[in-house]
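Participant: Could you look at this predicted model? Sequence included:
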Amino acid sequence: MSAADAPAERAARLRDQLETHNYRYYVLDDPTIADAEYDRLMDELMTLERDHPELQRDDSPTRRVGSAPLSSFAERAHGEPMLSLANAFSEADVADFDRRLREALGVSDIDYMAEPKLDGLSVNLRYESGQLVTAATRGDGRVGEDITANARTIRSIPLRLQGDQAPAVIEVRGEVVIQRADFEALNERRLARGERPFANPRNAAAGSLRQLDSRITAHRPLTLFVFGTGEASEALPATHEAVLETLRQWGFRVNDQVQRVTGVSGCLAYQQHLVEVRDRLDYEIDGVVYKVNDRQVWQRLGATARAPRWALAHKLPAREASTRVRAILPSVGRTGVITPVADLEAVEVGGVTVTRATLHNLDEVHRKDVREGDAVMVRRAGDVIPEVVSVIESRRPADARAWQMPAACPVCGSDVVRIDDQAAHRCMGGLYCPAQRMGALMHFVSRRAMDIDGLGEKLIEQLVSHERVRTAADLYALTRSDLLGLERMGERSTTNLLSAIEASRETTLARFLYALGIDQVGEVTARALATHFGSLEALMAADEEDLTAVPDVGPVVAESVRQFFAQPHNREVIEALREAGVHWPDPGSAAEAPPAQPLAGQTFVLTGTLEGQTRDQARARIEALGGKVTSSVSSRTDYVVAGAEPGSKRDRADSLGVTVLDEAGFNALIN
Ligand SMILES: NC(=O)c1ccc[n+]([C@@H]2O[C@H](COP(=O)([O-])OP(=O)(O)OC[C@H]3O[C@@H](n4cnc5c(N)ncnc54)[C@H](O)[C@@H]3O)[C@@H](O)[C@H]2O)c1
Ligand SMILES: [Zn+2]
């Protein structure tokens, strides 16, 4: 092989690849690489052909637009060709473009119309005497697919032009898009039906518009934004700005971000502005387009085989890239919920290197059918966590197997359980699992649990990070010297904290159960369990049937309780706590009788109609136990007791996160 062969071979290979990608993208609506990767291949081929003119060929993808129309549609020739756009990837490219135009036109400043470049599918609408007669996709630029029936179902496409100035013939061009929220809802529905999700809104829009059955299109939320014209039987206004205004008056939707700017600096400022507002737009954009405003100039500048010379597409940083999933890792969060995370081959998305993407939960992994080894599309928008959007099935390795949630927590080895119909899986080692340490400890010391005053998040964080505290039991071994010297811990606060820890050793079984942080076991359930079983031993020995015999304990709660106590590590921590001196009155002993003022310091709000008592009776019972009843709900309210037809106080409680008790829950609490 001679040295001169290398570029020729490379060019041939690039042409092959680009043709394949064109076919998959334009005909099948099923691309296997991200746009930015396609753009890089195209750019490489263009550079090769420019540097080696002998390699130029008329049938090269660099000279052509799109791809031939799919034969299942009728063909529709455009009155005037529909071209693509020249691309700029950098500010220097934009400056070059502007300089070339200024030189060609002999002017010092050029006015441009700057427009968002919508990422959808372009269509050509032909109106005769104001009536929509045909609609076609761009196809290869000369001939497209006839999608007239489908276009008629799109509400933003006027079937008849407004006003009475309609020309005999006019072609109107624009981009059909699917709005972001609609795209997400559409993919949700597809996943729910076991269908493959669309890779991105552009594919969703293209797939929806290129339907042989227009009833399907009618159910897809498509929108048309128009950006120009083709064949016209009469002269149009002299500037592009005025043409857009005419289109508006005819009843089309012209993008409201469109703006007239001057020179390179105007173009770049506009692009910067769109980068900033991009995440707030309802639709996807992949660039901005600058068009010379003076249409007389269009004639003079003309076009290449592929694109007009008076317009330029300035690409925005890509949001999507394709990469490979090296592994799917179960990640244990602070509350024990396990999230599958894709460990990715590093890939750059929009200027940031991405190596991880969330897969949310096991159902999502299965619905998207993401497997270890899969090629996937990854998406990162704004500050949102990167996400695996879809799998490129055609690039799946033969040995890829469906992923399963591990049976044991990868951090602590406790059982992993899916509780009934929740989508989430959890590690059951709540007391022991290092991943859950912070959350478990914060809960353990909280006011309604062990009530250890003075042990805040900052302090717990320090104790955990110094490995001084691993489980709740270690709190009871803390010494003066452990605490002194930690941030903001002086003599006095250390003394106070140590005595708060000391005091918490004496507690009640209900509080202790609540403090354990068993999933599904709140205060009321903890009390019910304590009352029913009387001792921790009896509760730990209970099977599902025993548990569901407790009022208000259903199978979900029962399963959670059983699983919790089934973990050897949890039992170890409980044992250690008891050895550290945590205790409560024996069942049946006089001390188990509720203290005289068990509701001291707690505030209640009563709302709605109670059945077994009047509100006044309920108030009397609360007050007898030391509680207080107030009339309005605030963040200081401990409980809202809601009878029938509770009204707005209940809603307010929900929005503030205040515990709401029904009458049975209230009775359980005060008895
Ligand atoms: N991933 C793949 O496999 C693959 C394959 C082929 C093409 N592509 C992608 O498609 C694009 C190239 O294709 P293209 O020829 O359609 O070019 P293009 O999409 O880059 O630019 C031309 C098109 O932009 C659209 N457009 C949007 N807003 C516009 C506006 N305000 N004014 C004028 N036109 C506007 C029109 O439909 C026009 O046809 C690239 O982004 C490329 O990455 C990807
Ligand atoms: Zn764990």
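Facilitator: Thanks, I have the structure now. Ligands and ions are numbered 1, 2, ... in the order given.
Participant: that's a helix at R260, yeah?
Facilitator: No - going by DSSP: H, G, I helix; E, B strand; the rest coil, the assignment for R260 is strand, not a helix.
Participant: so it makes contact with M113?
Facilitator: Yes - between R260 and M113 there is a contact at 5.7 Å, judged by CB atoms under 8 Å. Bear in mind the C-beta positions are built from the backbone N, C-alpha and C, glycine included.
Participant: quick one: contacts for the closest residue to T508 other than its chain neighbours?
Facilitator: Spatial nearest neighbour of T508, chain neighbours left out: W584 (5.1 Å); criterion: CB to CB, 6 or more residues apart in numbering. Applying CB atoms under 8 Å, 6 or more residues apart in numbering to W584 gives the contacts E506, T507, T508, L509, R511, F512.
Participant: Could you look up the SS state of the last one?
Facilitator: When you say that, I think you mean F512. Applying three-state DSSP: F512 is helix.
Participant: How much space separates it from D616?
Facilitator: Separation of F512 from D616 (CB to CB, to the nearest Å): 34 Å.
Participant: So between these two, which is more surrounded?
Facilitator: F512 (22 against 10; other CB atoms under 10 Å).
Participant: Please tell me I have it right and the more buried one contacts V582.
Facilitator: Yes - under the criterion of CB under 8 Å, F512 makes contact with V582 at 6.8 Å.
Participant: care to break the protein down by domain?
Facilitator: For the chain, automatic domain parsing gives the domain ranges 5-63, 75-315, 320-395, 416-592, 603-670.
Participant: Tabulate the CA atom coordinates of stretch 260-279 in PDB.
Facilitator: Extracted as PDB, the C-alpha positions of stretch 260-279 are listed here (Å, rounded to 0.1, in the frame of the first residue of the first chain):
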ATOM      1  CA  ARG A 260     -32.300  40.400  14.300                       C
ATOM      2  CA  VAL A 261     -28.600  40.800  15.100                       C
ATOM      3  CA  THR A 262     -25.600  42.600  13.600                       C
ATOM      4  CA  GLY A 263     -22.200  41.200  12.800                       C
ATOM      5  CA  VAL A 264     -20.200  38.400  14.500                       C
ATOM      6  CA  SER A 265     -20.600  39.900  17.900                       C
ATOM      7  CA  GLY A 266     -24.400  40.000  17.500                       C
ATOM      8  CA  CYS A 267     -24.400  36.400  16.400                       C
ATOM      9  CA  LEU A 268     -22.200  35.200  19.300                       C
ATOM     10  CA  ALA A 269     -24.100  37.100  21.900                       C
ATOM     11  CA  TYR A 270     -27.300  35.500  20.600                       C
ATOM     12  CA  GLN A 271     -25.800  32.100  20.700                       C
ATOM     13  CA  GLN A 272     -24.600  32.700  24.300                       C
ATOM     14  CA  HIS A 273     -28.200  33.800  25.200                       C
ATOM     15  CA  LEU A 274     -29.600  30.600  23.800                       C
ATOM     16  CA  VAL A 275     -27.100  28.400  25.700                       C
ATOM     17  CA  GLU A 276     -28.400  30.100  28.800                       C
ATOM     18  CA  VAL A 277     -32.100  29.700  28.200                       C
ATOM     19  CA  ARG A 278     -31.800  26.300  26.500                       C
ATOM     20  CA  ASP A 279     -32.900  24.300  29.500                       C
END
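Participant: ok, and does that stretch reach over to ligand 1?
Facilitator: No - using CB under 6 Å from any ligand atom, stretch 260-279 stays clear of ligand 1, with a minimum separation of 11.5 Å.
Participant: At which residues are the strands of the stretch 401-550 of the chain located?
Facilitator: Along the stretch 401-550 of the chain, counting by DSSP state E, counting those that start in this stretch, strands occupy 416-418, 425-427.
Participant: typo on my end, the stretch 51-200 of the chain
Facilitator: Using DSSP E, counting those that start in this stretch, strands in the stretch 51-200 of the chain cover 75-77, 87-88, 111-118, 121-128, 131-137, 143-145, 169-178.
Participant: so which of these gets nearest ligand 2?
Facilitator: When the strands of the stretch 51-200 of the chain are compared by CB to the ion, strand 169-178 sits nearest ligand 2, at 41.3 Å.
Participant: Centre of the chain to the closest one, how far?
Facilitator: 31 Å (CA atoms, centre = their mean, to the nearest Å).
Participant: repeat for stretch 511-528
Facilitator: With CA atoms, centre = their mean, you get 33 Å for stretch 511-528.
Participant: What lies in contact with that stretch?
Facilitator: By CB under 8 Å, 6+ apart, stretch 511-528 touches 336, 419, 426, 430-431, 439-440, 443-444, 446, 448-451, 472, 507, 510, 529-530, 536, 539, 550-553, 556-557, 560-561, 564, 570, 574, 582, 584, 659, 661, 665, 668-669.
Participant: out of those residues, which are buried?
Facilitator: 336, 419, 426, 430-431, 439-440, 443-444, 448-450, 472, 507, 510, 529-530, 536, 539, 550, 553, 557, 560-561, 564, 570, 574, 582, 584, 659, 661, 665, 668-669 (16 or more other CB atoms under 10 Å).
Participant: Near ligand 1, which residues of the stretch 51-200 of the chain are found?
Facilitator: The stretch 51-200 of the chain comes close to ligand 1 at residues V65, G66, S84, L85, E115, K117, L118, S122, R138, E175, as judged by CB under 6 Å from any ligand atom.
Participant: Can you tell me, leaving aside adjacent residues, what's nearest to the first one?
Facilitator: Read it as V65. G141 is the one closest to V65 (CB to CB, 6+ apart), at 3.3 Å.
Participant: right, and that neighbour touches L85 too?
Facilitator: No - assessed by CB under 8 Å, G141 is found out of contact with L85, at 11.8 Å.
Participant: Tell me the predicted confidence for the residue of the stretch 551-671 of the chain found nearest ligand 1.
Facilitator: Across the stretch 551-671 of the chain, the shortest distance to ligand 1 (CB to the nearest ligand atom) belongs to S655, at 42.6 Å. At S655, the model reports a pLDDT of 86.
Participant: what kind of secondary structure is it in?
Facilitator: With three-state DSSP as the criterion, S655 reads helix.
Participant: And it, how close does it get to ligand 2?
Facilitator: 33 Å (CB to the ion, to the nearest Å).
Participant: cool, V297 as well?
Facilitator: 68 Å.
Participant: what's that residue in contact with, if anything?
Facilitator: So V297 contacts L105, W310 (CB under 8 Å, 6+ apart).
Participant: phi, psi of it?
Facilitator: The phi/psi pair for V297 (degrees, to the nearest 10) reads phi -60, psi -30.
Participant: i'd like the first residue to be 53 from this point on
Facilitator: Understood, numbering begins at 53; the last thing we discussed is V349.
Participant: Point out the least confident one among the residues of the stretch 103-252 of the chain next to ligand 1.
Facilitator: Within these, lowest confidence goes to G118 (88).
Participant: Between the domains of the chain, which has the poorest mean confidence score?
Facilitator: domain 655-722 (a mean of 88).
Participant: near ligand 1, which residues of the stretch 353-502 of the chain show up?
Facilitator: A365.
Participant: can you give me the helices for the stretch 353-502 of the chain?
Facilitator: Taking DSSP state H, counting those that start in this stretch as the criterion, the stretch 353-502 of the chain contains helices spanning 414-420, 489-497.
Participant: Burial check on the closest residue to ligand 2 within the stretch 603-723 of the chain, number of neighbours?
Facilitator: For the stretch 603-723 of the chain and ligand 2, the shortest gap (CB to the ion) falls at H621, measuring 8.6 Å. Residues near H621, counting by other CB under 10 Å, number 18.
Participant: Pull the contacting residues for it.
Facilitator: Counted by CB under 8 Å, 6+ apart, H621 has contacts C464, G465, S466, G481, L483, Y484, C485.
Participant: Repeat that for Q488.
Facilitator: V384, G385, R386, T387, G388, C479, G481, G482.
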